[in-house]
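J.: Have a look at this prediction, sequence included:
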Amino acid sequence: MRQLIYLLFIGFCITFCSCRNDFEFETSAGGLEFSKDTVYLDTVFTNIGSSTYTLKVYNRSNKDIKIPSIKLGQGQNSKYRLMVDGIPGKEFNNVELLAKDSMFVFVETTIDYTEYANNTTSFLYTDQIQFASTNGIQNVELVTLVQDAYFLYPQRNSQGEYENVPFDDQTNIYGFYLDENDPNNGNEYRWKNDKPYVIYGYATVPSGKTLNVDAGARVHFHADSGLMVRPGGRLLVNGEQSSTETLEKEVVFEGDRLEPEFASVAGQWGAILLMSNSDNVINHLTLKNANIGIYAMVTGSNDPQPKLTIKNSQIYNCTNFGLYGVNSVITGENLVANNAGKVSAAFALGGTYNFKYCTFANYFNSYDQIPLLLNNYQDKTEDGETKRYIGALTATFDNCLIYGSGNVSLSLERAEIENDTNPYFNVKFNSSLIKLVDFNRLENAVLYPFSANNAELVTYNNCKIARTGNENKPVFKDAKNNNLKLIEGINGDGPYGTADASVTLSPNTDILGVLRSTLPDMGAYESTAE
């Protein structure tokens, strides 16, 4: 009997150990799935811990895997804390996860806001949970508001699908419609100045609704996010003249990366997509670091022309275009557009444009960028075939300053329709400064001021043409860093005292509220002593 019991015991041990050896864990090659790609932690007040948030990690494969490391991107210095498999910490090695199984990662944080007391913009604290594999790192973003803010982002439905909104007849994009009765943020059609806004996805104004943005509002867009105004919607940006360099009454649109090294990095967020022919009005807006700043666009053949009046505003550091109008109706006064990867202000497929006392400049990374472009066509690829669409272009530029680091600051392109006498092109420059150093290359181009045959299409009235690097040159305070203030120069030379005094604004002040003189300067700024 004893021998039988002994043999049974040995057999049990062998069987048990054999079962345990069946689990052979392979090093993870990636492909993990997560219950969410970003964990949003609610507002954290100083020294008060957050709630605990849950992230679920799925191994959908048929293999038992070992994750080499799970850690916080900022390591031991991170303000976040994790718990993995019941163990707290900030870094975990060789974490095992069975085939077709899942595990929970719990996240929480405590932040002492006094650590950020000298940085008034550090309200958004971010990090990542990094899941290592043989094919690189998979990240789950962590976002915490360190002070109160309005936090707007797409919701998920019961199937785990995010909200989306229409971009055109064929495409939807990641975004959400604003809600006038949102239980957390109140009426989302009014963006106030009491707390910053942080936007994930495209916040969308539907037809028949108006978004009002109060003076002093601060709006921060995450990567690939922005603001869209659908046909029939309306945007009113109600900024006011500020009295200090903090721009306390200016409305500011920028990215959500507020570290100093991101202050002037282009392409941090998407764009303002303006599709509405309502009376959209923007006043005293500073917009920077987008892909396209303002895109007044026509997405379909039956869409109305987008309509915009923009005054006393600045658009800087955009990857592609600062202001981009496609068959639009745009009026601009005291507008500054500078530093764009392609063109600071571009207008395609025709449209109607009127600008007074505006500065179009470009001092981006190379000498290929253009401050201002106008054409009357757009090429689109449809069903594998490139088609050209042509629209009538009418544009007037009064007392504008068009200058940049490149030799040519103006690009004019005209497409003709065979056997059609309508020129589809009517552009006027009045008392404006235009840099065209490469005039030898342009002297026979019919649209430029060196040709005697351009009057039917383009008019240059009392314009200053900078034909060399020093001729008619404006002196900006720091153009590369977006300070386009004019430093005093010789009256009658370049932009100084050479604007048409009969062209006035209401009130007749520059972008900083400085009263224009009886001999005003070209561009958005009246010159001042250095």
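T.: That came through fine. Numbers count the residues shown, from 1 in each chain.
J.: quick one: strands adjacent to the longest strand along the chain?
T.: Using DSSP state E, we find that the single longest strand of the chain is strand 321-340. Using DSSP bridges, strand 321-340 pairs in its sheet with strand 292-296 (parallel), strand 307-318 (parallel), strand 343-356 (parallel), strand 359-362 (parallel).
J.: among the ones you listed, which is nearest Lys79?
T.: strand 307-318 (29.2 Å; C-beta to C-beta). (Each C-beta comes from the backbone N, C-alpha and C, glycine too.)
J.: Now find how far off-centre that closest one is within its chain.
T.: Distance of strand 307-318 from its chain centroid, counting by C-alpha atoms, centre = their mean, to the nearest Å, is 13 Å.
J.: Sketch out the helices for the stretch 151-300 of the chain, chain order is fine.
T.: Listed in chain order, the stretch 151-300 of the chain contains no helices at all (DSSP state H, counting those that start in this stretch).
J.: Specify which residues of it, grouped into ranges, have pLDDT under the cut-off.
T.: 258-259, 300 (pLDDT under 70).
J.: cutoff 90 now
T.: By pLDDT under 90, the weakly predicted segments of the stretch 151-300 of the chain are 151-153, 155-162, 168-170, 180-187, 194-198, 200, 222, 243-246, 256-263, 298-300.
J.: show me where it has strands.
T.: For the stretch 151-300 of the chain, applying DSSP state E, counting those that start in this stretch gives strands covering 164-166, 172-177, 190-191, 197-199, 202-205, 210-213, 218-221, 226-229, 234-238, 251-255, 272-274, 280-283, 285-288, 292-296.
J.: Let me see the contact set for Glu24.
T.: Going by C-beta atoms under 8 Å, 6 or more residues apart in numbering, Glu24 touches Asp64.
J.: thinking again about what came up before, could the strands of the stretch 151-300 of the chain go into CSV alongside mean neighbour count and distance to Gln155?
T.: CSV is the format used below for the strands of the stretch 151-300 of the chain (neighbours: other C-beta atoms under 10 Å; distance: least, C-beta to C-beta, whole Å):
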stretch, mean neighbour count, distance to Gln155
strand 164-166, 16, 11
strand 172-177, 18, 7
strand 190-191, 20, 19
strand 197-199, 23, 14
strand 202-205, 25, 13
strand 210-213, 19, 19
strand 218-221, 22, 18
strand 226-229, 25, 17
strand 234-238, 20, 23
strand 251-255, 23, 22
strand 272-274, 26, 21
strand 280-283, 22, 27
strand 285-288, 24, 27
strand 292-296, 27, 26
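J.: Need those strands in JSON lines (columns: distance to Leu436).
T.: Output for these, formatted as JSON lines (distance: least, C-beta to C-beta, whole Å):
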{"stretch": "strand 164-166", "distance to Leu436": "42"}
{"stretch": "strand 172-177", "distance to Leu436": "39"}
{"stretch": "strand 190-191", "distance to Leu436": "42"}
{"stretch": "strand 197-199", "distance to Leu436": "40"}
{"stretch": "strand 202-205", "distance to Leu436": "39"}
{"stretch": "strand 210-213", "distance to Leu436": "38"}
{"stretch": "strand 218-221", "distance to Leu436": "36"}
{"stretch": "strand 226-229", "distance to Leu436": "34"}
{"stretch": "strand 234-238", "distance to Leu436": "34"}
{"stretch": "strand 251-255", "distance to Leu436": "33"}
{"stretch": "strand 272-274", "distance to Leu436": "31"}
{"stretch": "strand 280-283", "distance to Leu436": "30"}
{"stretch": "strand 285-288", "distance to Leu436": "28"}
{"stretch": "strand 292-296", "distance to Leu436": "25"}
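J.: same question for stretch 463-472, mean pLDDT?
T.: With pLDDT averaged residue by residue, stretch 463-472 scores 89.
J.: that older thread, now for the strands paired with strand 321-340, which one comes closest to Leu142?
T.: Nearest to Leu142, of all the strands paired with strand 321-340, is strand 307-318, at 26.7 Å by C-beta to C-beta.
J.: Need the mean per-residue confidence for the closest one.
T.: For strand 307-318, the mean pLDDT works out to 98.
J.: Give me the angle between that strand and strand 251-255.
T.: 50 degrees (axes from the mean of the first three to the mean of the last three C-alpha atoms, to 10 degrees).
J.: in strand 307-318, what counts as buried?
T.: For strand 307-318, the neighbour count (16 or more other C-beta atoms under 10 Å) marks 307-308, 310-318 as buried.
J.: of the residues you listed, closest to Val514?
T.: The closest of these to Val514 turns out to be Asn312 (C-beta to C-beta; 11.7 Å).
J.: list the contacts for the residue nearest the centre of the chain?
T.: Taking C-alpha atoms, centre = their mean as the criterion, Ala290 is the residue nearest the geometric centre of the chain, at 2.6 Å. Neighbouring residues of Ala290 by C-beta under 8 Å, 6+ apart: 221, 226, 253, 255, 266-272, 317-319.
J.: 6 Å instead, please
T.: Residues near Ala290 by C-beta atoms under 6 Å, 6 or more residues apart in numbering: 269, 271, 318.
J.: Which strand residues bridge the closest residue in space to the second one that isn't next to it in sequence?
T.: The one in question is Ala271. Spatial nearest neighbour of Ala271, chain neighbours left out: Ile292 (4.0 Å); criterion: C-beta to C-beta, 6 or more residues apart in numbering. Note on Ile292: beta-bridge partners by DSSP bridges are Phe321.
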